[in-house]
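Student: Next comes the sequence, and after it the predicted model I'd like to discuss.
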Amino acid sequence: MTEVAIVTEKLTRRFGSLTAVDGVDMQVTAGQFFGFLGPNGAGKSTTIKMLTGLLAPTSGRMQLLGIDFAERPVEVKRQIGVVPEGMGLFDRLNGAEYLRFVGQMYGLDRKTTLQRSEELLEFMQLADRPKTLIADYSHGMQKKLALAAAVIHGPRILFLDEPFEGVDALAAGALKALLARMTERGVTIFLTSHVLEIVERLCSHVAIIHKGRLVAQGSLDELRRGVPGEVGTQTLEDIFLSIVGQDGGARPQLEELTWLT
Amino acid sequence: MADVTASQSVFAQVKLIAGLRWRILRNSMRRKSSRLDLIGLIVSAVFASIFVVGLCGAFFAGGYEFFSRGRDAWMALLFWAIFLIWQLFPFFVAGFGASLEFRTMLRFPLRLSAFYIIGLAYGLADFSAIACTLWLLALTAGAATARPSILPVMLVASLIFLLMNVTIERLLGSWLERLLARRRTRELFLGLFVLSMISLQFVAPFVERHGKTLRPIVERLIPYFAFLPPSLAGRGVAGAAQHDVVAALVGFAGLIAYLLFFSVFLWLRFASQYCGEELSETAAPQRVAKRSAVEFADASDALTALPPSVAAVVRKEFRYLLRNGFSFITLLIPPLMVLFFTTRFSDQRHVNRPNLTPEMFFPGMMAYLVLILLAPAYNAFAYESRGIQTYFTAPVRFRDILLGKNLLLISVLFLELAVSIAVFAFRVGLPSLPRFLATLAAVVFVTVGQLAIANWSSLSFPRKLEFGQMRNQRQSGMAVLLVFGVQITLAALSTFIFLAGKWTGNVWLPLEAFSFLAAAAIAGYVASLDPLSRLAETKRETLIEALCR
């Protein structure tokens, strides 16, 4: 039987009168590379924050690896790794210190923490500046360190909010290979990105959220079948625009900028 | 081809930037949603206005007095006062943050001349510049009231003096900006500033002791001040008033020479900024030899008795303390304050204040130190910034994080108190044993008793603070009120207990009472950790929103 990694039932979050996430029912199977898409302000970040314990839902349920998040949050957090929006780094530590801190917070023993932090720093090409504080890292370096911290404890689910933003092509290639290997070993990866080409290349399954509601979910092939046109030729961008752009507000009309075009 | 068909005049560009600056100021006022912040802003504005208007009166009176009594040469003193405030005030206020917004204007198609004039105009919009301009006008008005014929000379002198001051201020500001562009320099500068502020406490005792020796040295230096701009301005005005053409010419020519001299340097500074001077925070990567895992290991392993997550927070807090110049320097304050007060105390004890004994002074001194050292605990997450998210995504209960933070604070506090007690004992001796032990028990009670409240305050009223900056670095108004309320209540209670010992004639009564209260405070603190952990979960959105801005 296929193991389910993430299940949400009627997941809702309201901010005053605004419903940012509205009754989302979602299911992600273990080992899937799952892309979570949506236009700006659709509710992606709110959903990922709820799934990682950074935000409490107004109503609804979340289960990760069969464990109810509301009932056993600490147990759930042991199983997941997160690169949150803004990366969540302590910028007055250096890279090695931060990884050791995170390793200890996840309950790794000292020796394992040291060994893994060293390996991860090497892999992420951050080992050549051991004394540099995170505050002095470039954006791309901070992103790589946040990714290293998210995987140091060997999570079974990895939540990545825009993981490749600001990362150079060389490092991005290595990271993609690492993530692909992780999914082969059964790790579930839940990824949000605005770069649809990356999602299309990496993800086997996709969900699209629009105005707080989940408007599509399935494998890329399943989504392609629901879109007009010759099956197999549609890109993820076509699918995305077809679903999200149905209300006519998705793509601003170029005709309005005649002075520019 | 872009649609820009005509380049704007310098005046139009300056007007545009002035409008931008006004809108930024107006919108920043709008953002002050908190009532306490708004009240603070209004109170500061009222005090600043009183200060400026009051000194306007003083400068008017000074100008009037000097000219009506024929003491024209004394005008240099007033020019000196304006010069020092103009140059020193922005240096202290603006020096602590990287103020790069002016440079962002470079993305627009500005000519270098426009960039230079806008730079000067920026300098004239500072608080110190506005205040000093008003004081120059008041000085001119005062002098002209006493002797109307001096008005044109005063206007010319004030205009040249104003231009020279704004040029020097912008030049120093520009150099300072370059110097402080790097984080480390900025933090070091702040540390030195705090240290110099502490050192100022020792100036009065130093002058009292060595004043007679210093006087002839200062008197020998005074003639050289005659060649500096404020003295030249004073000489020019006085010369014109006394129809001494040579003195007037020397004064004004010297002032203009200074203006041109500094203008050349400012032009060169702005030119290098205009050409895209690099002030990047990020240094170029340097490859270093690979380090082994042994080198990566923490130096100390003394925290193994603690749960790993608590130990991790203690280590992280310790590193943050060492890397936060401001917090680290404040660690020097308690022993220095003890040294300062005991110096004053030991000087006065046998002369004017025979009743001030270590019996009274020791508990008061300890209470003062606890007040200084515990105040940051009321906003304990201030420097976490985005790192606060890690606490909520990690599989730990928040009590571990509070415990780790409190453990380091208590360790530092008791270390500081130990050093301070040693200084105190060395300078004035210790109080009697019952008073000494009672004070220590009181310190435990007051410290632990406050921690639970401080933790609640940190979770409920968080306010982000930046390393190495003083500008806009304010605690939450509620946290400040809480600090004072709690500290005053605990101080009043402790004083009452000490006095009860005196009234009853039982010298051991305060020790017994404080020991009981300390035990109760420890029990209360332990009991508070779980409810506070639950509160943290409830308040996580407030915390993340406040600290991740």
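Tutor: That came through, no problem.
Student: tell me which parts of the stretch 51-200 of chain B are close to chain A?
Tutor: residue B:183 (CB under 8 Å from any CB of the partner chain). Where you see a C-beta, it was placed from the backbone N, CA and C, and this is true even at glycine.
Student: Just the CA atoms from stretch A:74-90 would do, formatted as PDB, please.
Tutor: What follows is stretch A:74-90, C-alpha atoms only, in PDB (Å, rounded to 0.1, in the frame of the first residue of the first chain):
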ATOM      1  CA  VAL A  74       7.100  17.900  18.000                       C
ATOM      2  CA  GLU A  75       7.000  14.400  16.500                       C
ATOM      3  CA  VAL A  76       6.000  15.800  13.200                       C
ATOM      4  CA  LYS A  77       8.700  18.400  13.200                       C
ATOM      5  CA  ARG A  78      11.300  15.700  13.800                       C
ATOM      6  CA  GLN A  79      10.400  14.200  10.400                       C
ATOM      7  CA  ILE A  80      10.400  17.300   8.300                       C
ATOM      8  CA  GLY A  81      13.000  19.700   7.000                       C
ATOM      9  CA  VAL A  82      12.100  23.300   6.100                       C
ATOM     10  CA  VAL A  83      13.500  26.100   4.100                       C
ATOM     11  CA  PRO A  84      11.100  28.800   5.100                       C
ATOM     12  CA  GLU A  85      10.400  32.100   3.300                       C
ATOM     13  CA  GLY A  86      13.200  34.300   4.400                       C
ATOM     14  CA  MET A  87      15.300  31.200   5.300                       C
ATOM     15  CA  GLY A  88      15.200  31.600   9.100                       C
ATOM     16  CA  LEU A  89      18.900  31.800   9.600                       C
ATOM     17  CA  PHE A  90      20.700  33.200  12.700                       C
END
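Student: Flag every buried residue along that stretch.
Tutor: A:76-90 (16 or more other CB atoms under 10 Å in any protein chain shown).
Student: Stretch A:173-183 too?
Tutor: A:175, A:179, A:182, A:183.
Student: same question, stretch B:200-209
Tutor: Going by neighbour count (16+ other CB under 10 Å), the buried part of stretch B:200-209 is residue B:201.
Student: hang on, the earlier thing: among the buried residues of stretch A:74-90, which ones are in helices?
Tutor: A:76, A:77, A:78, A:79 (DSSP state H).
Student: on that earlier part again, which members of the buried residues of stretch A:74-90 additionally contact chain B?
Tutor: Near chain B, by the rule CB under 8 Å from any CB, you find A:76, A:77, A:78, A:80, A:82, A:84, A:86, A:87, A:88, A:89, A:90 out of the buried residues of stretch A:74-90.
Student: quick one: least confident of the residues you listed?
Tutor: The lowest pLDDT within those belongs to residue A:86, with 84.
Student: what about whichever residue of the stretch 51-200 of chain B sits closest to chain A, neighbour count?
Tutor: The nearest approach of the stretch 51-200 of chain B to chain A comes at residue B:183, 6.0 Å away (CB to the nearest CB). Neighbours of residue B:183 under the rule other CB atoms under 10 Å in any protein chain shown: 18.
Student: just checking, it touches residue A:135?
Tutor: Yes - in this structure, residue B:183 is within contact of residue A:135 by CB atoms under 8 Å, at 6.0 Å.
Student: OK, contacts around residue B:231?
Tutor: Residues counted as contacts of residue B:231 (CB atoms under 8 Å, 6 or more residues apart in numbering or on different chains) are B:76, B:79, B:80, B:225.
Student: buried subset of those residues?
Tutor: Burial of the contacts of residue B:231 was assessed by neighbour count (16+ other CB under 10 Å); the buried members are B:76, B:79, B:80.
Student: what stretches of the chain score poorly on pLDDT?
Tutor: Since you didn't name a chain, this refers to chain A. Within chain A, the stretches with pLDDT under 70 are A:1-2, A:228-232, A:246-255, A:261.
Student: Correction: the question concerned chain B.
Tutor: B:1-8, B:24-38, B:40-41, B:91-103, B:277-302, B:344-356, B:468-474.
Student: Can you mark which positions in the longest helix seen in it are buried?
Tutor: Longest helix of chain B, by residue count under DSSP H: helix B:35-68. Buried residues in helix B:35-68, counting neighbours by 16+ other CB under 10 Å, are found at B:52, B:55, B:56, B:58, B:59, B:60, B:62, B:63, B:64, B:66, B:67.
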